[in-house]
Structure formats: structure tokens, C-alpha cells
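**Student:** let me see the structure of the following:
(one chain, ligands or ions: 2)
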Amino acid sequence: MDEDVLYHLDLGTKTHNLPAMFGDVKFVCVGGSPNRMKSFALFMHKELGLGDDGDDMKDICAGTDRYCMYKAGPVLSISHGMGIPSISIMLHELIKLLHHARCCDVTIIRIGTSGGIGIAPGSVVITDTAVDSFFKPRFEQVILDNIVTRSTELDKELAEELFDCSKEIPNFPTLIGHTMCTYDFYEGQGRLDGALCSFSREKKLDYLKRAYKAGVRNIEMESTVFAAMCGLCGLKAAVVCVTLLDRLDCDQINLPHDVLVEYQQRPQLLISNFIKRRLGRREQMS
Ligand SMILES: O=P(O)(O)O[C@@H]1C[C@H](O)[C@@H](CO)O1
Ligand SMILES: O=c1cc[nH]c(=O)[nH]1
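**Tutor:** Ligands and ions are numbered 1, 2, ... in the order given. Alright, predicted model coming up:
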């Protein structure tokens, strides 16, 4: 293409010098909420000792309100909204951005929230495999009028490295398990408290217990397409989500605000330790 307009990011190959803006990116962190991704960028700015307090950090995608994007040294922090269609659009444009910027050796991590199954709220789940609502490791993409099935395997070594990092943080409940990705927060995740509900409490529990038996430890709404797209494009990828509740106990998220904030910071803390460890290793090698 003579020009590539990354429409939803408000960036483009003719309007922006993408190699100059992004060529040094080594870590990309994505998550649903714009505020969370801004806080993460500010946190990384501080943790990496990048000078002032980052107060003047600008949203690189300020020209659009679809997504936000912040950069702290080699770390790019981007919001993706909720659900598969939203993250998928962002990933198409992000992956092209990384290509145009000639980035290499990039690690991409989704830092999110989720509902746990049979584990204590506040636990951090590092995904080994993302599965669909049938507990299958696949993402079905409709292309023209065909269903194309893609693998949702994630990088096992990266998951182990992250798990290793978690052990260095005191009182930090972390585990590796399957993550189920659904198309809906309510009926799609077996909730009884949506505007619509057509199944009994018994059916809900039977489904979630079968999910647990199949190795699922948490439920969210982006991991299958994230794993599939990153895998096909050769990006090393991980999914790290904190659980906000145990779905075997309840459906409503009614945590006090300060607890919710602290839980959401857990994946950020883990990823910050991981990035600092990786950067330290690179410095030792050079
Ligand atoms: O990254 P976040 O915390 O937004 O991810 C989960 C999955 C859905 O997008 C959303 C539902 O509350 O939270
Ligand atoms: O239960 C939950 C909590 C957060 N995100 C989800 O998708 N489900």
C-alpha cells in the first residue's frame, strides 16, 4: 500500500513517522479500560526511572476516543475495550503499527480482570491455553462466509517465566491455568443476574464445574482472539488476569472500590517486575 491509515488509532504511515515514534518498543501491554492502561503507563514510567513523574504523558491516540495509547520507554500501553470484536480491531492496527515501525522481539501481554472458578478472588491467573465456551483451544473467525478455526495456544515458556516472577512478590496468589473466553458477560458466562436468564442455578453450576474439570480457572472476553492473532503474527504473547470473584459462589461484582483497584493493580505489578527483570538481563548482556 502506498499509505496505511490505522483509522481506529488515528495514526498512519504518511502522517506519522512510525519507526521514530515506536521503533524501540519491546513490550506491549493491553487491557480493556483506558484508565487502567494510563495508570499502567505512569507506573512503568516511574518503575523504569524515566525522569519526571510522567504528568505530561500524552495519549498517542488522542485524535480518536476508540482506544488510548501511552508509551513509557520501551513499553507501549493500549486499551482495547470489551470483547472479541473490539480487541480484534485494535490488534489488527497495532500489529501493522509494529510492522511499519520495524519493531523486533516484541512481547505482548494482556493485563485484565476476570471471573475465577474455584479459586480465591484476587488470584492472578496466567493463561496457558485460551479456550472457547465449549472448553476447546480454538478461535472461530468468520471470513467471508467460511468459519476459519485458529489455534489459541500461548507461549508456554513466557507463562512459566511470568509464574517465576510472581514467586518473588510476597502474598501474591498466582497460578497457571486455562482461561475461557466468551462473547458475553452475562448469559455467555453462565450468570443468573443479567436482563435475560433462561437456565437454573443447578445448570449454571453444572456448567462451571465442567469448565473447572476441563482445566478452566478463569473467564474473560478477549483471550482466544488475542492468542490466535498474536500466534499467527509471530508475537510472543501472554494473558495475565486477576479474578474479581469466584463464580461458584456468586455472579455480582460488589467489591469495595479500594479492593477493586488493588486487585486490578496485581497484573500490573507482576508485569512491571517481569519487564524490569528482562531489561536488567538485556543490560547485563550488552
Ligand atoms: O481487560 P478487562 O478487565 O476489561 O477484561 C474483562 C473482560 C471484559 O472485557 C471485561 C468485562 O467486565 O473485563
Ligand atoms: O466475571 C467476570 C469478571 C471480569 N470479566 C469478565 O469477563 N468476567
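**Student:** and the residue nearest the centre of the chain?
**Tutor:** Nearest to the mean C-alpha position of the chain, by CA atoms, centre = their mean, lies Arg110 at 1.7 Å.
**Student:** in this structure, which residue sits closest to ligand 1?
**Tutor:** Gly32 (2.0 Å; CB to the nearest ligand atom). In short, each C-beta sits where N, CA and C put it, glycine included.
**Student:** average pLDDT across stretch 253-266?
**Tutor:** The average of the pLDDT scores along stretch 253-266 is 98.
**Student:** so which residues on the stretch 101-250 of the chain come close to ligand 1?
**Tutor:** Contacts of the stretch 101-250 of the chain with ligand 1, taken as CB under 6 Å from any ligand atom, map to 112-113, 185, 220-222.
**Student:** show me the contacts for the residue nearest to the centre of the chain.
**Tutor:** 29-31, 80, 222-223, 226, 237-241 (CB atoms under 8 Å, 6 or more residues apart in numbering).
**Student:** can you do 7 Å?
**Tutor:** Listed by CB atoms under 7 Å, 6 or more residues apart in numbering, the contact set of Arg110 reads 30-31, 222-223, 226, 239.
**Student:** Three-state assignment for it, please.
**Tutor:** strand (DSSP: H, G, I helix; E, B strand; the rest coil).
**Student:** leaving out sequence neighbours, find the closest residue to it.
**Tutor:** Leaving aside its sequence neighbours, Arg110 sits nearest to Val239 (CB to CB, 6 or more residues apart in numbering; 4.7 Å).
**Student:** can you check Gly122 too?
**Tutor:** Distances taken as CB to CB, 6+ apart put Tyr263 closest to Gly122, at 5.3 Å, once the chain neighbours are dropped.
**Student:** repeat for Ser198
**Tutor:** That would be Glu187: by CB to CB, 6+ apart, it lies 7.3 Å from Ser198.
**Student:** OK, contacts around Gln189?
**Tutor:** Listed by CB under 7 Å, 6+ apart, the contact set of Gln189 reads 115, 182, 219.
**Student:** so which of the residues you listed comes closest to Asp10?
**Tutor:** For these, the minimum distance to Asp10 (CB to CB) is 29.9 Å, reached by Thr182.
**Student:** quick check: closest non-adjacent residue to that closest one.
**Tutor:** Closest to Thr182 by CB to CB, 6+ apart is Gly188, at 4.0 Å.
**Student:** in a markdown table, list the residues of the stretch 101-250 of the chain next to ligand 1 along with distance to Ser200.
**Tutor:** Below are those laid out as a markdown table (distance: CB to CB, whole Å):
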| residue | distance to Ser200 |
| --- | --- |
| Gly112 | 29 |
| Thr113 | 27 |
| Phe185 | 19 |
| Glu220 | 24 |
| Met221 | 24 |
| Glu222 | 29 |
